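[1] Below is the sequence, then the predicted model.
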There are 2 protein chains.
Amino acid sequence: MTKAYQELETYLETAQALQTALTLFEWDNETLAPKEAGAYTGKMIGALSGEYFRIMTDEKGKALIKACKEETDLSEVETAIVREVEKEQKRLDCIPADEYREFAELTSESARIWAKARKEKDFKAFAPVLKKILDYQKRFASYQAKEGQKLYDVMLKNFEEDFDMKSLDQFFAMLKERLVPFLKQLTDSKRVVDDSFLTGDYSEEKQEEIGRFLAEYVGFDFDKGVMAVSAHPFTTNLHNHDVRITTAYNDHVDDSIFSVIHECGHGIYEMGIPNELTQTPVGQGISMGMHESQSRFFENIIGRSLAFWEPVYGKLQETFPDQLGKISLEQFVRGINKVTPGLIRIQADELTYSLHVMIRYEIEKMLVEEGLDVEKLPEVWADKYEEYLGVRPKDVSQGVLQDIHWSQGSIGYFPSYALGSAFGAQFFASMKKKMDFDGLLRNGEIRVIREFLRENIHKYGKLKTSRQILKEVTGEDFNPQYYVDYLIEKYGRIYHIDR
Amino acid sequence: MTKAYQELETYLETAQALQTALTLFEWDNETLAPKEAGAYTGKMIGALSGEYFRIMTDEKGKALIKACKEETDLSEVETAIVREVEKEQKRLDCIPADEYREFAELTSESARIWAKARKEKDFKAFAPVLKKILDYQKRFASYQAKEGQKLYDVMLKNFEEDFDMKSLDQFFAMLKERLVPFLKQLTDSKRVVDDSFLTGDYSEEKQEEIGRFLAEYVGFDFDKGVMAVSAHPFTTNLHNHDVRITTAYNDHVDDSIFSVIHECGHGIYEMGIPNELTQTPVGQGISMGMHESQSRFFENIIGRSLAFWEPVYGKLQETFPDQLGKISLEQFVRGINKVTPGLIRIQADELTYSLHVMIRYEIEKMLVEEGLDVEKLPEVWADKYEEYLGVRPKDVSQGVLQDIHWSQGSIGYFPSYALGSAFGAQFFASMKKKMDFDGLLRNGEIRVIREFLRENIHKYGKLKTSRQILKEVTGEDFNPQYYVDYLIEKYGRIYHIDR
């Protein structure tokens, strides 16, 4: 290790610790903190964010990066860390300190305002906050934007570096072109899948029990992680030895089951970061898209397959004998794959899911690029749902207020879900050639699949880009064809549709 | 507000935010964090502590304090803040930065090592950690010590400014002189109090339900606070709008009931700090002794009285009909006041409690001043219990490993419990002259008592010293006579002892 690099490491430690503290505050806010704490804790979060900002933008840090870049004998990891730190410095350096801090204070409270507004079905209570968040994000994007770059492109790239409106327009156009007619064919077929047994008197306690069982079963290590409850399921982590997932319970047992498996996908990704990388600027998953590729891989490709449930369905039946005792494995698996164009993204089936995402993508574009008024959101939202999915929300809690993301300041995040699903399907196509995927699941050897993902994706942290990983694992560049083929093959089979 | 003071406020903000983050990490460590997180999170805690230390000891802060002290028009609160900050600067300035940070990292892990050692009844697993903690604390005390000042006196004063070994020796000597013969008289009387109904199949769920009910009943505001589970009950707070208590459950229902009421006493103190003071260096309870005066006041003087239970015992019976349905209010109140010289401090009755504290005080003195070897602790501990209480622990989990305090680095804390009990009894004697104490409790008007405490104690935060408050509320200086008189009167009555 060179002297300049060593200095950089010491220098980064406080920044890393501040980020970890901010992560813990966010976790605490959404899982436990008392409801009146918001404004007071927000001040502290503002001060910590301000301190982080100060460290990341001061001259000493820039000089250290400059010195490190002149070094010739940095390791691969060290080079990547220098690159990531420089990127972060540049991202922050263009933002005025007070605006950065105000935004941190704002988002420390806004998720709670959103949760309350959602509960009370009161969009007006959230609209002014969303307006402020949008204004900040547009301003920040304008500071970051290169000559002629669109603001929404800047936002998108913050979540997934290699994608912009041009490539996403193409991606969604292809999904629309192939999935919308297929979905029509499917609904026209009038084939009925029964999933009524998934709704009922499923006690929260038993749902938690099976959630913990499944989390462990797919490989979430409770010695290095915890599970709690929040309004909207999410995953976060302090480092690779402290990874946290949440879920929420209602009377649809599949909601909690698949949200747990989904968050475990995120969690297992973060648990798979090597000790050498954790607590450094490259010690996280590379992008939101790659993260969603893992979570949706676990949730859908693994979790909604017949092979996965073969060894564990008996356990589920034991837990809920009254509700599932008489439902066969095959009935259950058909039920959890029922296609129903619906209102709620996180309850959506795998086939219609990306259409939910597409709606959000189109709306974000309108908000950022076309000056759509925030007040008009409920209406625009409802119209798009009617157009693409044939359903119209009765109230905002089932419409525009259903997702937490905007309230956390995340604009440009949603496309990651669809991209991630496509990454996952591309991995799946390639993995099936290398291993007996279904056979492993049937034998309860999910460990082999998880190890493959760890070895080929997780362990790199931010050392490689999404596209690099995609190419190295599958031998080709991003190709959403796999995703569409996967969906049409799977749901054609389930619904007996000729293709 | 003067210019210098305004600068000081901005300057202190980051320090305050760092302290708040450290509090949250400590809470999280003891209530939720996964077991393998320790070492990794510890590094972050070390970095944040180091940053706090840097801010509190840098020249800029000292210059600001100097400038503020030259101002003539500071308000009372501002003057107190300047005084507290200067005190903290002096406390830290004498400690080398790396030692301070190492100690923070050590104590971020040691409570977990203690919990594991206690569970496994393995003192050897904790002894090396305790030795390190003791060494650090002795070293820190030696840095702080004035010419000729004893190290244990320095430690004691960090928790309770106006007390040292001299005054505590006198205090404990008086307790010993009057309570030990009284206890003998009481046990010799062979009068039997039945409390067998307090032990049994009390479900954790129902204990939590009644715990929450009682917490609200005594005035803990769940909009500004939360309750969780930890190995050892404690209270902490981020500010006056986020106050957190924990409890633990076992098959003795009175353990959780009275630990909840005890922690509520701490919590209500912190919820009573005015908005003007919270998140400033004077926005906490004045001392550990005053804090314990409030927690033990709620637990014992209020919580173990007949009058308190009159309006709520029915609710307790409803919650546990099988266990308490046939136990009368009077039987119950006698049961919760049963005197049994025992092994566990936090389960001790009110009468023998201070003897438990005295043992710890004597042992701490031996560790700090007389070079007692840590390895000999289990033996010394057992001998003292045999001598003062006539019982000998069978293993270290019931002996020297029962308390969390040393593992958190708190040496010199224990006497606060006995002092606090004495403060509380002195408040009680004076309050009874001003209000119909029992009548209020009987009518469910505990609010009036709580308001008196808030108005006369809580609202001052650190603006007044313990002794000042004691004098202003009761009209006289510290007088432990009230405590002994209270105990002998109460337990003489319950056990029909002629005095």
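    Cool, the structure landed. Residues are numbered from 1 along each chain as shown, chains lettered A, B, ... in the order given.
[2] Count the residues that sit near the nearest residue to A:I449 once chain neighbours are set aside.
    Leaving aside its chain neighbours, A:I449 sits nearest to A:L440 (5.9 Å; criterion: Cβ to Cβ, 6 or more residues apart in numbering or on different chains). C-beta here means a position set from N, CA and C on the backbone, and glycine is covered the same way. As a burial measure, A:L440 scores 20 neighbours (other Cβ atoms under 10 Å in any protein chain shown).
[3] again with the one 3 residues further on
    Other residues near A:N443 come to 13 when the count uses other Cβ under 10 Å.
[4] Model confidence for the residue lying closest to it once chain neighbours are set aside, exactly?
    For A:N443, ignoring the flanking residues on the chain, the nearest one in space by Cβ to Cβ, 6+ apart is A:P311 at 7.4 Å. Looking at A:P311, its pLDDT is 98.
[5] Phi first, then psi, for A:P311.
    For A:P311, the backbone dihedrals (degrees, to the nearest 10) come out as phi -80, psi -10.
[6] now swap in A:V226 and tell me
    Residue torsions, per degrees, to the nearest 10, at A:V226 are phi -140, psi 160.
[7] Who is it paired with across the strands?
    Note on A:V226: beta-bridge partners by DSSP bridges are A:R244.
[8] Contacts only, for it.
    Under the criterion of Cβ atoms under 8 Å, 6 or more residues apart in numbering or on different chains, the neighbours of A:V226 are A:242, A:244-245, B:32-34.
[9] Might you name the residue of the stretch 51-200 of chain A sitting closest to chain B?
    A:E51 (5.2 Å; Cβ to the nearest Cβ).
[10] Leaving out the residues flanking it, which one is nearest to that residue?
    Leaving aside its chain neighbours, A:E51 sits nearest to B:T14 (5.2 Å; criterion: Cβ to Cβ, 6+ apart).
[11] What helices and strands are in contact with the strand or helix carrying the one you found?
    Assigned by DSSP states H and E, B:T14 belongs to helix B:3-31. When contacts are defined as 3 or more Cβ pairs under 8 Å, 6 or more residues apart in numbering or on different chains; DSSP states H and E, helix B:3-31 sits against helix A:3-31, helix A:38-57, helix B:38-57, helix B:59-70, helix B:76-93, helix B:97-119, strand B:235-239, strand B:242-247.
[12] quick one: the fourth one to helix B:38-57, angle?
    Our comparison of helix B:59-70 with helix B:38-57, counting by axes from the mean of the first three to the mean of the last three Cα atoms, to 10 degrees, yields an angle of 50 degrees.
[13] mind saving the C-alpha coords of helix B:59-70 as CSV?
    The C-alpha coordinates for helix B:59-70 follow below in CSV (Å, rounded to 0.1, in the frame of the first residue of the first chain):
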residue,chain,number,x,y,z
GLU,B,59,-8.6,24.7,19.3
LYS,B,60,-11.5,26.3,17.6
GLY,B,61,-13.9,25.0,20.2
LYS,B,62,-11.7,26.2,23.1
ALA,B,63,-11.4,29.7,21.5
LEU,B,64,-15.2,29.8,21.2
ILE,B,65,-15.7,29.0,24.8
LYS,B,66,-13.1,31.6,25.8
ALA,B,67,-14.9,34.2,23.7
CYS,B,68,-18.3,33.2,25.2
LYS,B,69,-17.0,33.4,28.7
GLU,B,70,-16.0,37.0,28.0
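[14] Now tell me what touches that helix from outside.
    B:2, B:4-5, B:7-8, B:11, B:55, B:74, B:78, B:82, B:85-86, B:89.
[15] how about that helix: buried residues?
    For helix B:59-70, burial by neighbour count (16 or more other Cβ atoms under 10 Å in any protein chain shown) applies to B:61-62, B:64-65, B:67-68.
[16] Just give the nearest non-adjacent residue to the residue of the stretch 101-250 of chain A found nearest chain B, would you?
    At 3.8 Å from chain B, A:D242 is the closest residue in the stretch 101-250 of chain A, using Cβ to the nearest Cβ. Once flanking residues are discounted, A:D242 sits nearest to B:A37: 3.8 Å by Cβ to Cβ, 6+ apart.
[17] Next: A:G225.
    In space, and not counting its chain neighbours, A:G225 is closest to A:V243: 4.2 Å by Cβ to Cβ, 6+ apart.
[18] Counting neighbours, what do you get for that neighbour?
    28.
[19] How about A:I411?
    Residues near A:I411, counting by other Cβ under 10 Å: 25.
[20] cool, A:E76 as well?
    When neighbours are defined as other Cβ under 10 Å, A:E76 has 8 of them.
[21] pretty sure it contacts A:L463?
    Yes - with contact defined as Cβ atoms under 8 Å, A:E76 counts as touching A:L463 (6.9 Å).
[22] Which positions in the helix or strand bottoming out on mean pLDDT in chain A come out as buried?
    In chain A, the helix or strand scored least confidently by mean pLDDT, DSSP states H and E is helix A:97-119, which has a mean of 91. Applying a neighbour-count criterion of 16+ other Cβ under 10 Å, one finds A:100-115, A:117-118 buried in helix A:97-119.
[23] Contact partners for the residue nearest to A:G225?
    Going by Cβ under 8 Å, 6+ apart, the list of residues near A:V243 reads A:220, A:224-225, A:235-237, A:267, A:270-271, B:34.
[24] Per-residue confidence, it, what does it come out as?
    With respect to pLDDT, A:V243 scores 98.
[25] burial of the spatially closest residue to A:L175 that is not a sequence neighbour, as a residue count?
    Of all residues not flanking A:L175 in the chain, A:S354 sits nearest, at 5.3 Å (Cβ to Cβ, 6+ apart). By other Cβ under 10 Å, 26 other residues sit near A:S354.
[26] ok, now the one 3 residues further on?
    Counted with other Cβ under 10 Å, the neighbours of A:V357 add up to 23.
[27] surely it meets A:G420?
    No - applying Cβ under 8 Å, one finds A:V357 not in contact with A:G420, separated by 9.7 Å.
[28] hang on, the earlier thing: now render the contacts of A:V243 as TSV, adding pLDDT.
    Formatted as TSV, the contacts of A:V243 follow (pLDDT from 0 to 100):
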residue	pLDDT
A:F220	98
A:K224	98
A:G225	98
A:T235	97
A:T236	97
A:N237	98
A:G267	98
A:E270	98
A:M271	98
B:P34	96
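[29] ok, of these, which one's closest to B:I494?
    Nearest to B:I494 among the contacts of A:V243 is B:P34, at 46.1 Å by Cβ to Cβ.
[30] wait, what's in contact with the closest one?
    B:P34 neighbours (Cβ under 8 Å, 6+ apart): A:222-226, A:241-243.
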